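Participant: Turn this into a model:
(2 chains)
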Amino acid sequence: QLQLQESGPGLVKPSETLSLTCSVSGDSTSNNNHYWGWIRQPPGKGLEWIGNIHYSGSTHYNPSLKSRVTIAEDTSKNQVSLKLSSVTAGDTAVYYCARRNQYCSGGACYSLVDVWGKGTTVTVSS
Amino acid sequence: AIQMTQSPSSLSASVGDRVTITCRASQYIRIDLGWYQQKPGKAPKLLIYAASTLQSGVPSRFSGSGSGTDFTLTISSLQPEDCATYYCLQDYNEPLTFGGGTKVEIK
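Facilitator: Residues are numbered from 1 along each chain as shown, chains lettered A, B, ... in the order given. The predicted structure is shown next:
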């Protein structure tokens, strides 16, 4: 059964870099049909897509965060990582990793974000 | 980025009521839309994908419809366990974008 598990420091100081890891079990991060993404949710607020990566190295980032975000994939460890630099209190959130599954049907191809990790809370504070 | 406008932001209904939530995209997104249910302290759970396909294991009282720019999530008979916040997500263009959420409560 596919499981995603986020891990990393729960507290990060302002101006430092937030680093999180998503460990994938029950699937391979090198599966050609999958992207691996990160989403965050500030306390009491809605969901924000951060970006995603394909094992080929293709990445897409939310333009609102693009200058500060790096997502990487480690096939040997079956992990995906997120780095967010120069953090502020506004980056305090629950961070989720998720699988974006691609499939084709009726001559067209689609994707869906179908499996999420449980999330990890990151607080930015001195 | 494509803007997803979700309404209402909250609603209160009785057990057994039919509940409808809508999402409107700022531009054409084909049928590339999913609906998610999130309970407090939990990760979102996929209910519907490709606008109208029920995810495996999701009760049949949930249904989705729409294409292009206008989409609807319907709960045919609201149950107590359906108390949650519901989000739409467009998966047509990067960056993916979520609706603002609809909090569903039981009267």
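Participant: With just CA atoms, put the longest strand anywhere in chain A into PDB.
Facilitator: With secondary structure taken from DSSP state E, chain A has its longest strand at strand A:93-105. Below are the C-alpha coordinates for strand A:93-105, written out as PDB (Å, rounded to 0.1, in the frame of the first residue of the first chain):
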ATOM      1  CA  ALA A  93       2.200  25.800   7.700                       C
ATOM      2  CA  VAL A  94       1.500  22.100   7.500                       C
ATOM      3  CA  TYR A  95       3.500  20.800   4.600                       C
ATOM      4  CA  TYR A  96       2.200  17.800   2.700                       C
ATOM      5  CA  CYS A  97       3.800  15.700   0.000                       C
ATOM      6  CA  ALA A  98       1.600  14.000  -2.500                       C
ATOM      7  CA  ARG A  99       1.600  11.800  -5.600                       C
ATOM      8  CA  ARG A 100       0.400  13.200  -8.900                       C
ATOM      9  CA  ASN A 101      -0.600  10.200 -11.000                       C
ATOM     10  CA  GLN A 102      -0.800  10.500 -14.700                       C
ATOM     11  CA  TYR A 103      -3.000   8.300 -16.900                       C
ATOM     12  CA  CYS A 104      -4.500   8.300 -20.400                       C
ATOM     13  CA  SER A 105      -8.200   7.600 -21.300                       C
END
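Participant: Please name the strands paired to that strand in the sheet, noting orientation.
Facilitator: strand A:34-41 (antiparallel), strand A:108-116 (antiparallel), strand A:120-124 (antiparallel) (DSSP bridges).
Participant: Identify the residues contacting stretch A:99-117?
Facilitator: Here stretch A:99-117 makes contact (C-beta atoms under 8 Å, 6 or more residues apart in numbering or on different chains) with A:2-6, A:22, A:24, A:27, A:33-37, A:39, A:52, A:96-98, B:30-32, B:34, B:43-46, B:49-50, B:55, B:89, B:91, B:96. Just so you know, the C-beta spots here come from the backbone N, C-alpha and C atoms, and that holds for glycine as well.
Participant: right, I mislabeled it, should have said stretch B:30-41
Facilitator: Residues contacting stretch B:30-41 (C-beta under 8 Å, 6+ apart): A:108, A:110-113, B:21, B:23, B:25, B:44-52, B:62, B:64, B:66-68, B:71, B:73, B:82-92, B:101.
Participant: residues from chain B in reach of chain A?
Facilitator: Applying C-beta under 8 Å from any C-beta of the partner chain, we find that chain B lies next to chain A at B:1, B:30-32, B:34, B:42-46, B:49-50, B:55, B:87, B:89, B:91, B:94-101.
Participant: Pull out the buried members of the residues you listed.
Facilitator: B:30-32, B:34, B:43-46, B:49-50, B:55, B:87, B:89, B:91, B:94-101 (16 or more other C-beta atoms under 10 Å in any protein chain shown).
Participant: and the gap between the nearest residue to B:Ile31 once chain neighbours are set aside and B:Ser76?
Facilitator: The shortest distance from B:Ile31 to any non-neighbouring residue, by C-beta to C-beta, 6 or more residues apart in numbering or on different chains, is to B:Ala51 (4.0 Å). With the distance defined as C-beta to C-beta, to the nearest Å, B:Ala51 ends up 17 Å from B:Ser76.
Participant: The two: which has the busier surroundings?
Facilitator: B:Ala51 (23 against 14; other C-beta atoms under 10 Å in any protein chain shown).
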